[in-house]
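>>> Only the shape, not the letters, is given here:
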């Protein structure tokens, strides 16, 4: 769980300004203002804005038929310079193409005035590669090289500390899944998925802005995150009581994959969160060992705030939860004859981020909203497990 706290701090500073507005962007889902009626004498697919940029009409924005639009626009071509992009004056978040430069720069291709300039109206929308400022994997990695190097450095330090303990040659270990005979009854598997998911989210939140919503940015971020966590797994492969586990690698992939889905399928980011809750123990928070896994609850939350129909009701502050945790699996518990318990639960939780910081325009409020989209504050949920017992 060292990644949990370290990465959440990283998320607060690097990703906070983006995710905090996701809920507000949900209001635009499927509702694209149509200015074309006011410009009947112009191209019906494109409507002018006051600042000279252009907006896609609703039916075209849904289909993203940009190649067709460019084909019948005089001088149509993709925007080639990142400087042609500005900030959306409506939300302050989504990358938006600004008007072409008025003064031609030396050796810089100019964008024709009639070129359709495009703004993705939802978080999951991306500018197709033909129009993207960062169309390739390499160019997208280059856009977040500082963030990637910081994350690589973090995992290097984390893995390197194991070299100071007892080690042996590279070896494999089948850790199993969620059985009672496994070391952590599967809680560690959810931890692997969540850690990779969080790393992918951090990288994508930065890349989505720096690469102007270029197509493929979610896959690039998830690929980097998966690679970094797999790199960290090498240190497990030399520990005497551990080993390279394909079970862990698969869960890492699932976590990275969910990040891709969340950032490419419209509405998923606004409606569904993958969260961790750390319940305090006698040490408040345990850094390593079995105790840390017994503190952790992992769950998916269906967020009321993600549904437009609930925005004006108290239900926007509640989430439906489906999750898992384990208990009585520590070595001393097993030695005392306790049988490990697995808890699959459903429940209702308070969306503290939405309650305290929903719609906040301050940097702190946005960062706090973002952090609380990945973590749950203890004792803010009511849950029941598969045995019908109330659990916390």
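Perfect, I can see it now. Values in this document were obtained by computation on a predicted structure and should not be read as measured data. Numbers count the residues shown, from 1 in each chain.

>>> tell me the strands in the stretch 51-200 of the chain, going along the chain?
54-56, 85-87, 95-97 (DSSP state E, counting those that start in this stretch).

>>> Of those, which shows the lowest average pLDDT?
Out of these, strand 85-87 stands lowest, with a mean of 37 (criterion: mean pLDDT).

>>> Got the confidence number for residue 145?
So, for residue 145, pLDDT stands at 95.

>>> number of nearby residues for it?
Residue 145 has 9 neighbouring residues, counting by other Cβ atoms under 10 Å. C-beta coordinates here come from the backbone N, C-alpha and C atoms, glycine included.

>>> do residue 176 as well
16.

>>> repeat for residue 205
25.

>>> Can you list the low-confidence ranges for the stretch 101-250 of the chain?
101-121 (pLDDT under 70).

>>> roughly how far apart are the nearest residue to residue 349 once chain neighbours are set aside and residue 131?
Leaving aside its chain neighbours, residue 349 sits nearest to residue 381 (3.7 Å; criterion: Cβ to Cβ, 6 or more residues apart in numbering). Per Cβ to Cβ, to the nearest Å, residue 381 is found 43 Å from residue 131.

>>> swap in residue 316?
Taken as Cβ to Cβ, the span from residue 316 to residue 131 is 35 Å.

>>> Also residue 377?
Look at residue 377 and residue 131: by Cβ to Cβ, they are 42 Å apart.

>>> Which one's more surrounded, those two?
Between residue 377 and residue 131, residue 131 has the larger neighbour count (other Cβ under 10 Å), namely 25 against 13.

>>> Need the pLDDT of residue 65.
Predicted confidence (pLDDT) for residue 65: 44.

>>> again, but for residue 293
Note for residue 293: predicted pLDDT of 90.

>>> Now name the helix or strand holding residue 321.
strand 318-327 (DSSP states H and E).

>>> ok, and for that strand, which residues are buried?
The neighbour-count check on strand 318-327 (16 or more other Cβ atoms under 10 Å) flags 318-319, 321, 323-326 as buried.

>>> Of the residues you listed, just say which sits nearest to residue 362.
Within those, proximity to residue 362 (Cβ to Cβ) peaks at residue 319, which comes in at 23.3 Å.

>>> Nearest residue to the closest one in space, ignoring adjacent ones along the chain?
Leaving aside its chain neighbours, residue 319 sits nearest to residue 301 (4.0 Å; criterion: Cβ to Cβ, 6+ apart).

>>> Work out for me the element that neighbour sits within.
Counting by DSSP H and E, residue 301 is found in strand 296-303.

>>> now for that strand, which elements pack on it?
helix 187-210, helix 268-271, strand 272-278, strand 318-327, strand 341-350, strand 375-376 (3 or more Cβ pairs under 8 Å, 6 or more residues apart in numbering; DSSP states H and E).

>>> The last one pairs with which strands, parallel or anti?
For strand 375-376, the paired strands and their directions (DSSP bridges) are strand 272-278 (parallel).

>>> quick check: mean pLDDT across the partner strand?
Strand 272-278 carries an average pLDDT of 97.

>>> Helices along the stretch 151-300 of the chain, start to end?
Ranges of helices in the stretch 151-300 of the chain, per DSSP state H, counting those that start in this stretch, are 187-210, 217-236, 246-264, 268-271, 290-295.

>>> Need the ones you listed in CSV (columns: distance to residue 346).
Formatted as CSV, the helices of the stretch 151-300 of the chain follow (distance: least, Cβ to Cβ, whole Å):
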stretch, distance to residue 346
helix 187-210, 16
helix 217-236, 28
helix 246-264, 19
helix 268-271, 17
helix 290-295, 20
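
>>> for these, which one sits closest to residue 279?
Residue 279 lies closest, by Cβ to Cβ, to one member of those: helix 290-295, at 5.1 Å.

>>> now residue 264: how far from residue 129?
According to Cβ to Cβ, residue 264 and residue 129 sit 14 Å apart.

>>> now swap in residue 257 and tell me
For residue 257, the distance to residue 129 equals 21 Å [Cβ to Cβ].

>>> Of the two, which one has the most company?
Applying other Cβ under 10 Å to residue 257 and residue 129 shows that residue 257 carries more neighbours, namely 17 against 13.

>>> is it true that that one touches residue 223?
No. The criterion here is Cβ atoms under 8 Å, and residue 257 misses it with residue 223 at 10.7 Å.

>>> which residues touch the nearest residue to residue 201 once chain neighbours are set aside?
Distances taken as Cβ to Cβ, 6+ apart put residue 259 closest to residue 201, at 5.4 Å, once the chain neighbours are dropped. By Cβ atoms under 8 Å, 6 or more residues apart in numbering, the contact set of residue 259 is 196-197, 200-201, 204, 218, 221-222, 225.
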